[in-house]
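# coordinates for the following, if possible.
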Amino acid sequence: MAKKVLIVDDEKNIVDIIAFNLKREGYEVIKAFNGEEGVEKTFSEEPDLILLDIMMPKLDGYEACKKIREKKNTPIIMLTARAEEVDKVLGLELGADDYVTKPFGVRELMARVKANLRKVSVREEEKQPASSGENELKLGELTINAERYEVRKRGQVLELTLREFELLRFLATQKGQIFSRETLLEKVWGYEYFGDVRTVDVTVRRLREKLEDDPGKPVYILTKRGIGYYFENNG
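Numbering: from 1, shown residues only. Next up, the predicted model:
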């Protein structure tokens, strides 16, 4: 079955160009032309991925992202005409998985779409029945369940986005090994050439806020200055 992609952008010509290229790649396409319509179609159409513009009428991309994240962990790629770092960071802070700056090349956008949908496919495969405990990782007060895509701390479920879960699980399964931000982009986000390492930093910060008792003094995801990040089970 073809993966379903929702495009939310108030510029019809951009929507049509993206839709044409997505359909050529075999995806099913849904269109929305403002933030409110985008949120509504997210819940009614259940897309596999959302391309979400920032500057839109009625509800901008930031607010739409917040509303979607209240109920859905669907991968979101933000589309922004602004190149300022603060815009990119804000989108990621609100729960977006990725972003592309306009004007973007079709090849780059398709690479981002494929990479994010590939992660969804892996997640679905890992939900297939497995023997008891096979897909569960226990690390101190943390329990990471790959079958349910769920993380618990002291028995309480942590509300993580898909990308946050993927990053935590990747680091936790290779405890103590230090990974550069570039390597994490390749291994967790699924692309090597288009990613901005700032994406990794923001995701780590969001994850620490949910994971750590004191995000300023992390005990799970640690930083090796000048090198990268690693998981240390001191919790």
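
# make it CA atoms for all contacts and neighbour counts henceforth
Noted.

# right, and the helix or strand after the helix or strand bottoming out on mean pLDDT in the chain?
Lowest on mean pLDDT, DSSP states H and E among the helices and strands of the chain sits helix 85-93, with a mean of 72. Next in sequence after helix 85-93, counting helices and strands by DSSP states H and E, comes strand 98-101.

# partners of that following strand in the sheet?
strand 76-80 (parallel) (DSSP bridges).

# please save the CA atoms from the partner strand in CSV.
Extracted in CSV, the C-alpha atoms of strand 76-80 (Å, rounded to 0.1, in the frame of the first residue of the first chain):
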residue,chain,number,x,y,z
ILE,A,76,6.7,16.1,10.4
ILE,A,77,9.0,17.9,8.0
MET,A,78,8.8,21.7,8.4
LEU,A,79,9.0,23.8,5.2
THR,A,80,10.3,27.3,5.9
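
# and the helices in the chain?
With DSSP state H as the criterion, the chain has helices at 12-24, 35-45, 61-69, 85-93, 106-126, 162-172, 181-184, 198-211.

# what's the closest non-adjacent residue to the spatially most central residue of the chain?
Centroid-nearest residue in the chain, with Cα atoms, centre = their mean: Asp97, separated by 2.7 Å. Leaving aside its sequence neighbours, Asp97 sits nearest to Ile76 (Cα to Cα, 6 or more residues apart in numbering; 5.3 Å).

# from Asp214, how far out is the one you found?
28 Å (Cα to Cα, to the nearest Å).

# of these two, which one has the most company?
Ile76 (25 against 11; other Cα atoms under 10 Å).

# surely the more buried one meets Leu92?
No - look at Ile76 against Leu92 with Cα atoms under 8 Å: they stay out of range, at 9.5 Å.

# what's opposite Phe179 in the beta bridge?
In beta-bridge terms (that is, DSSP bridges), Phe179 pairs with Tyr229.

# fine, thanks again, bye for now.
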